[in-house]
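1. need a structure here:
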Amino acid sequence: MMKGNTRGTEAADGKGSGPGRFLIRARADTNIQLGIICILIIILMTALQPRMFLSSYNFESMAFFMPELVLLSIAMMIAMLTGGIDLSIVGVANLAGIAAGTLFGFLAGEAGVGGLGTGAVILGVGVGLIVGVLAGLVNGLLISGLKITPILATLGTGQVFIGLCVVLTGGPAIVGFPSGWTWIGNGKIASIPVPFLLFVVLCVALALLLERTSFGLRLKLIGTNPKAAVFAGIRKGRMILWSYMLTGALAAMAGILLSARVNAAKSDYGSSYLLQAVLIAVLAGTNPAGGRGNVLGVALAVAALTLLATGLQMMRVSNHLIDFVWGAFLIAVIALNSLSARKGL
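-> Residues are numbered from 1 along each chain as shown. Okay, the predicted model is just below:
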């Protein structure tokens, strides 16, 4: 029993020999590869559009809108660590923003949201996060309790959450949020965008959670070796429940940033983010079967794609062609990772 526990733990944290060392090497190789891709894209776009691409305005704009996609992609990655997937993240994100907007409308009454202060904003953030955690709890119960396949469970709940958004809004977007709320999405601290600061803090915290705590170790062990997880006494159902609650909270935080940035909330905002989050998670080296994934890889993957899309937009390339290039880029890198993994094995 003890030998089984040791092998399972080593395989999950990458400190043992064999598969564990391969996982840590594969993760490092993927991150280095993505870092090199980012540098190459910067060099290429600088050569093509030196004045526009290297402008402070360009990088500042990316710092405002990139964090929400990173958080959704990390949420997807966490769901994949256990061998699952969460197709409800966009629905959860929009529901969190709409719930906060509905709360502000209730608190403001006829006076309008302009009079709401910091306390109301903090309450709105709390409500949004609670909505995300509860949505994740529903997903976790369906998957771990009723044993519904993750892709089917979250596909269904995603439609339910979108339906709730439509019910709360009546269809149109909720517009007009307190100034403190819009500051979360558009404000600056020491000339640094607030969304970017929140993104850095959350990424560091999540990286430490997944790499340096027993929680992250157990999540990876469930995806890497389910039998070893059972022998180690890990309650798989409970860990899956916690992982989807964390996924829901991250999706809600992304929804808060999105609604704060655009000063509105609607049921179909960020609809393109779902497929992008799945592809980015895989591009970052996450194993869809579970057991492998890292926060830095996701952040680098989003940075590479954002740099590429921004450069192409400056060259006045059609948005449809950008989608094609983005998809082709994703497929090419994923194929390269797959070939590298086969050679490593």
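2. where along the stretch 201-345 of the chain do the helices fall?
-> All helices of the stretch 201-345 of the chain, identified by DSSP state H, counting those that start in this stretch, fall at 214-224, 226-231, 236-262, 273-283, 295-314, 319-344.
3. Can you lay out the ones you listed as CSV showing distance to P150, mean pLDDT and mean neighbour count?
-> Yep, even glycine has a C-beta here, placed from its N, CA and C like the rest. Converted to CSV, the helices of the stretch 201-345 of the chain look like this (distance: least, CB to CB, whole Å; pLDDT from 0 to 100; neighbours: other CB atoms under 10 Å):
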stretch, distance to P150, mean pLDDT, mean neighbour count
helix 214-224, 12, 86, 22
helix 226-231, 14, 74, 17
helix 236-262, 9, 95, 25
helix 273-283, 12, 88, 23
helix 295-314, 19, 90, 22
helix 319-344, 21, 72, 13
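4. Just tell me which of those ends up closest to Q49.
-> Within those, the stretch nearest Q49 is helix 295-314; the backing value is 4.7 Å (CB to CB).
5. top helix in the chain by residue count?
-> Counting by DSSP state H, the longest helix found in the chain is helix 19-48.
6. packing partners for that helix?
-> The contact analysis (3 or more CB pairs under 8 Å, 6 or more residues apart in numbering; DSSP states H and E) places helix 19-48 against helix 2-13, helix 50-53, helix 295-314, helix 319-344.
7. how far out from the middle of the chain is the longest one?
-> By that I understand helix 319-344. 19 Å (CA atoms, centre = their mean, to the nearest Å).
8. repeat for stretch 76-90
-> Computed by CA atoms, centre = their mean, the chain-centroid distance of stretch 76-90 equals 9 Å.
9. Could you do stretch 266-274 as well?
-> Centroid displacement of stretch 266-274 relative to its chain, using CA atoms, centre = their mean, is 14 Å.
10. tell me how far the ends of that stretch are from each other?
-> End-to-end distance for stretch 266-274, by CA to CA, to the nearest Å: 16 Å.
11. quick one: contacts of that stretch?
-> Stretch 266-274 is contacted from outside by 68-69, 72, 87, 89-90, 93-94, 97-98, 162, 165-166, 169, 171-174, 254-255, 258-259, 262, using CB atoms under 8 Å, 6 or more residues apart in numbering.
12. Okay, and which of the residues you listed map to helices?
-> Per DSSP H, those map to helices at 68-69, 72, 89-90, 93-94, 97-98, 162, 165-166, 169, 254-255, 258-259, 262.
13. Need the buried ones from the contacts of stretch 266-274 selected in PyMOL.
-> Selection command for PyMOL covering only the buried members of the contacts of stretch 266-274, criterion 16 or more other CB atoms under 10 Å:
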select buried, resi 68+69+72+87+89+90+93+94+97+98+162+165+169+173+174+254+255+258+259+262
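14. how about M253, what does it touch?
-> Listed by CB under 8 Å, 6+ apart, the contact partners of M253 are 71, 96, 128-129, 132, 198, 202.
15. Can you go through those residues and name the buried ones?
-> For the contacts of M253, a burial check counting by 16+ other CB under 10 Å picks out 71, 96, 128-129, 132, 198, 202.
16. So, low pLDDT: which residues of the stretch 51-200 of the chain?
-> Across the stretch 51-200 of the chain, the ranges flagged by pLDDT under 70 are 110-112, 114.
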